[in-house]
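>>> here are the coordinates; sequence isn't available:
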């Protein structure tokens, strides 16, 4: 840590010596070959399949295709296409646009996506370009959209209202996007799970049908004695019975549907209890088990596929770069070609960094060559962040070294790094929360200043870069800045008007500080870490739900939009006039009595809320019956299919995913420590090139101590007589999900053990 | 199959030759030693730990202790004690008994259980008799019960009403029963899971508390604008908020609690959506994952413990019976001792059967000794049913051999065994169901006769024993007999009065025939087989729930009995007078408006129904608020604890169990066929001693063919020049759960592979 910065930076000056020696070990490769190899390495890193022709032009086109700018443009086009639904009829009222505006945007987006497809067509190496599982669907959707637009324009010019049939297809474009690999994986998993789950669901539906017949037989002769409290006949129609019993499995109507029978004869409850035990507790558990079974199996295949693809790409890159030993027995990669590869992959990094990576891969092997197995670790290595000394020491040390090392500063640093400082702040957070709960707004400014002071002190002691590397610190910082802005705004606001209500919602954000406390307790931290490590994968499931929601929302809007309108806001509390949600057919229904008028399909936002409510399941039958009342009995089918697909299938797959990941974290945590980390990380640690981030909060005192004798103690790894100033940022704590998955299925495990 | 019966029965006459040779191979053991060894073998079979002294008197006492008569008496005593709650105040109205009667029965039961404990005390070998995890609790419960009874009698004689505090402890006696090992296993599993799940639940409850505070802050300043439809203030009290949000995680009050905020401003729905995503979808999945994780781990320990105990018992038995080889290298079991052991274990079986078992264990090893490993398979072997020729051939063949073998009979048999016969019957079942659905009661007699004819034909062709060995046949038979009885009764009934309503419920049982059809389809049969193979273990979970239900029901009855009474049965359909369930405090509550008066704790049966409703979760907050209204806010705690324990803990453990078993069935089904069956079964099959039951329905035609040349083809295994007439009944299809579990954890797998 005490190395002079200039000295270590000079490392790159000493580099030419190595660069000169590059020419000795193997004939240099042409630029095209290096670029091709770099493309393969990048594909391996990003998990692309990349079926491109290998001629230089195609390679350049392919690299262009993967340029972030191009890449994001096409993704934005899909996003814009999807968000059009906000503005198209039935639109969110305040932002409705005329149809020719949305049409123009749509046309533009379709053209963009099409051009992307055409771009692919130029460099693609596949003989049958349209065989791909993604390209043909994309094209069909685009063409259907164009046809639909043309038809709609013609018909609406003729004054005929028509349905935009291509709109439910839009989210499928999301599936065809380049980076939606995980999303496609989940959908493939759903498709593969279908056959098994259909068997169980058929059996389940047969049971429901059977019990519906039984209920009919039991109660149809007792219509005089058993009836609903409003006098309606009880269980007198087979199709109604089926629907009631289906709803019963979701438990949404539970004691209510049983009560008339219970009032008549308590033993009739047995019918419902047996039904629930069989259809709810048994069949629904079996559904979850079947889905979990399938999910696990297919997840394994998915992970194996990804790994195979990655290795294929690396193999291709290696085949370009390799030289054979004289005996022809072994294929090796010479150092010179490594350097030129890295200069193409990471043109902005220093040569020093490239040769450091080489040293990590080569390890104790000083021949100037690495084997294929060693080369295959390049992906793990490239994904690690590299940091030099400048980035590691607190900024203030660099800017005011004398002041930073003064006696007072040292005391302050010790105090801030002490755990009691943390305890004190935690206590302040609790006190703050209590004040908020008791509406003691005056104290807020005091806490504000305290927390700002805390953050400033941390800036000083740990440095900005280090501070912002911890997610918890960023969270703290955002909260404080937001609170500061809000408090100032509130002050300004109050001087204008007295109504501070609009800011209440944001003020509550202060309460989020409490999350800090939870994070301070070890037992809780583990759970939170697991949650955060699966966070990205949760987004994938969010996207899956989004696709289903979008499709069902559009269908729902076509079917139900405008049929239910919210009542004008009721200003009179004791309002007792019956509510009909703008549709006399709803008069007297449970839907209207529960005042569900806002649960409608009048625009996409309301639709999403309704679909979320349907996903939570409770009261879904009341919602369904409301929409049935304003349309037709057949509308029940929409709601039943939604339930089967989203609640039984997707949510159970989500549960299966969480289950599997927790099992995984658990299995990994039980393994011996040295197996937990990958071979590359182990090597880096052995060489002393790691920057241990987890320790930086507590260990400033020890750091002080070691700082003075570091020159003696360190030097685990010396390059050119000097310890290089570059360190690897090892991933802290939680592994990434993908790594965990690969570990789970023990892929590459053998290789890991053999190669190092 | 064509062997002469007398001839094969003569096998036992040839036995003395072997019995004589017994004396040669080893000195005979004393009766006491053999009895001790037999006791150990029986313990291994039943999974008892059996800590008894090894002196002859204690062994005899221990065997007496395990006698079914003694055993069942004590179990009946516990059952009687538990069922007392039906008759004690608050009793089921029609069967209420005076308290001195129930007291006498209770005293008697307590004495019985105590005597059982004393019996144990005599033979027990444990130094610290009360250290056992079961005995001390049992004694404490018994003593508390006696104290409670004395107190209650004294107090009620003094005219003071008191609480029977020992009643909630009764179900714990169920846990202390001798055969309740699986039940104890589940409870132990629950206890071991607690620490982990408490971490997650604390985090979850903290989140709820946090969101409750947020809701308070958001809505308390908007009380003029946001309120419930009945004008009540919205989210204005912290404890109420907490309860509402807790209920929201169970989804029971979902869209309703959100609607006022939704009506005010649609963006407020985000608060609820975020809350549900975090607390419902994330935390509840994590709960399941944590429980599944723990469950799997502890299940493994449980299975390992069971296996270790079994092997300990077998080791002890073997140590008594063994002789050492001259070199002292190996310990072996001689044939003579095997025979005397078996005569004690199974005194009713023939010696021929014992020596057949020996042959299976010894296999090709003809030395007259078996090794320890071979001996350890004795438990699997003893659990198999053994059947001689007499039991295998159709009874009619034995009674009327000539008639059975006649030409017409042969035709009938072929026809019945043909698959088209089965299709025809299946078709009739469908037709029958349709007729029932359409109320065509006249057709019932026709189908009745058809199905009776079918059963009679099957009796004739397959024989009674074979017929009743299939669960599906028994099911058919019971349905038909029940239907016959009901139809006759109905006929008699109709001639007396016209009101056939009381029999409707039973008539519907006819519909159960439809289950047959499901069983006929291969895909469904697999699911049903899995369900039936876990059937017994499901009973264990039923017992676990029973224990929880019982404890909560008794506490609930003490707290809430008599406070809510059902309204007199409403004869007028258009009844609109407000309902108060006999308690004016309920006036206007949701509980009364939904007519939930019958959901009360007035007797144990109603309590169980309410607790089941609470377990299904939907509307549980309405039930809870009803009981809160008639008592106190603190009653909410009862319902929340019930939800945490039963719904979150027990039901999730049940889900974990189902998941694990399905994973298991799946793993086993993927293994190669020869690994699926145990070593013993493989051996039996190789020796041709198996009776393949699964084939008997379809293969009668082939059977006919092979019958004639069986004398040439068979003779896989010949004993004393003749094929023995005894066959083993191999378990069909589904393995037992315990075997599956042992297989899963690969216990004894190595041994299996080595020994044979």
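Received the coordinates, thanks. These numbers come from a predicted model, not from an experiment.
>>> please count neighbours and contacts with C-alpha atoms only from this point.
OK.
>>> would you mind measuring from residue A:44 to residue A:31?
With distances taken as Cα to Cα, to the nearest Å, residue A:44 is found 20 Å from residue A:31.
>>> of these two, give the one with the bigger neighbour count.
Just comparing residue A:44 and residue A:31: by other Cα atoms under 10 Å in any protein chain shown the higher neighbour count belongs to residue A:44, 26 against 13.
>>> and that one, what does it touch?
Listed by Cα atoms under 8 Å, 6 or more residues apart in numbering or on different chains, the contact set of residue A:44 reads A:309-311, A:313-314, A:379.
>>> name the helix or strand for the residue in the stretch 651-756 of chain A that chain B sits nearest to, please.
Here the residue of the stretch 651-756 of chain A nearest chain B is residue A:659; by Cα to the nearest Cα that distance is 4.7 Å. Assigned by DSSP states H and E, residue A:659 belongs to helix A:651-670.
>>> how about that helix: buried residues?
The neighbour-count criterion (16 or more other Cα atoms under 10 Å in any protein chain shown) identifies A:651-665, A:668 as the buried residues of helix A:651-670.
>>> write out the residues of the stretch 101-250 of chain A neighbouring chain B.
If contact is defined as Cα under 8 Å from any Cα of the partner chain, the residues of the stretch 101-250 of chain A in contact with chain B are A:199-200, A:203, A:210, A:213-214, A:217-218, A:221-222, A:227, A:229-231.
>>> 7 Å - rerun?
Contacts of the stretch 101-250 of chain A with chain B, taken as Cα under 7 Å from any Cα of the partner chain, map to A:199, A:203, A:213-214, A:217-218, A:221, A:230-231.
>>> same thing with chain A?
Contact residues of chain A with respect to chain B, defined by Cα under 7 Å from any Cα, are listed as A:199, A:203, A:213-214, A:217-218, A:221, A:230-231, A:251-252, A:254-255, A:263, A:285-286, A:289, A:293, A:437, A:504-505, A:508, A:523-524, A:573-574, A:598, A:613, A:616, A:618, A:655, A:658-659, A:662-663.
>>> any regions of chain A where pLDDT drops low?
Per-residue confidence for chain A (pLDDT under 70) gives these ranges: A:1-25, A:128, A:326-328, A:387-393, A:494-508, A:568-577, A:671-678, A:690-726, A:729-740, A:742-756.
>>> still on that earlier bit, quick one: buried ones out of the residues of the stretch 101-250 of chain A next to chain B?
A:199, A:203, A:213-214, A:217-218.
>>> is residue A:647 in contact with residue A:615, as I believe?
Yes - taking Cα atoms under 7 Å as the contact criterion, residue A:647 and residue A:615 are neighbours in contact, 5.9 Å apart.
>>> let me see the ranges of the strands in the stretch 351-500 of chain A.
Chain-ordered strands for the stretch 351-500 of chain A, with DSSP state E, counting those that start in this stretch as the definition, fall at A:369-371, A:385-387.
>>> kindly report the same for the stretch 201-350 of chain A.
For the stretch 201-350 of chain A, the strands identified by DSSP E, counting those that start in this stretch occupy A:323-324, A:331-334, in order along the chain.
>>> which other helices and strands does the shortest one contact?
This means strand A:323-324. Using 3 or more Cα pairs under 7 Å, 6 or more residues apart in numbering or on different chains; DSSP states H and E as the contact definition, the elements that strand A:323-324 packs against are strand A:331-334.
>>> so how far is the strand it packs on off the chain centroid?
39 Å (Cα atoms, centre = their mean, to the nearest Å).
>>> with stretch A:233-246 instead?
41 Å.
>>> how about it: buried residues?
Neighbour counts over stretch A:233-246 (16+ other Cα under 10 Å) mark A:233-236, A:238, A:241-246 as buried.
>>> cool, and stretch A:35-53?
Going by neighbour count (16+ other Cα under 10 Å), the buried part of stretch A:35-53 is A:35-45, A:47-48, A:50, A:52-53.
>>> try stretch A:263-273
Along stretch A:263-273, the positions that meet the burial threshold by neighbour count (16+ other Cα under 10 Å) are A:263-264, A:266, A:268-269, A:271-273.
>>> same question for stretch A:416-435.
Within stretch A:416-435, the residues that count as buried by 16+ other Cα under 10 Å are A:416-418, A:422, A:425-426, A:429, A:432-433, A:435.
>>> now those as JSON lines including distance to residue A:106?
What follows is the buried residues of stretch A:416-435, written out as JSON lines (distance: Cα to Cα, whole Å):
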{"residue": "A:416", "distance to residue A:106": "56"}
{"residue": "A:417", "distance to residue A:106": "56"}
{"residue": "A:418", "distance to residue A:106": "59"}
{"residue": "A:422", "distance to residue A:106": "54"}
{"residue": "A:425", "distance to residue A:106": "53"}
{"residue": "A:426", "distance to residue A:106": "52"}
{"residue": "A:429", "distance to residue A:106": "50"}
{"residue": "A:432", "distance to residue A:106": "50"}
{"residue": "A:433", "distance to residue A:106": "49"}
{"residue": "A:435", "distance to residue A:106": "52"}
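>>> does residue A:597 count as helix, strand or coil?
State at residue A:597, reduced to three classes by DSSP: H, G, I helix; E, B strand; the rest coil: coil.
>>> close enough to count as contact, it and residue A:564?
Yes - contact between residue A:597 and residue A:564 holds when scored by Cα under 7 Å: they sit 6.5 Å apart.
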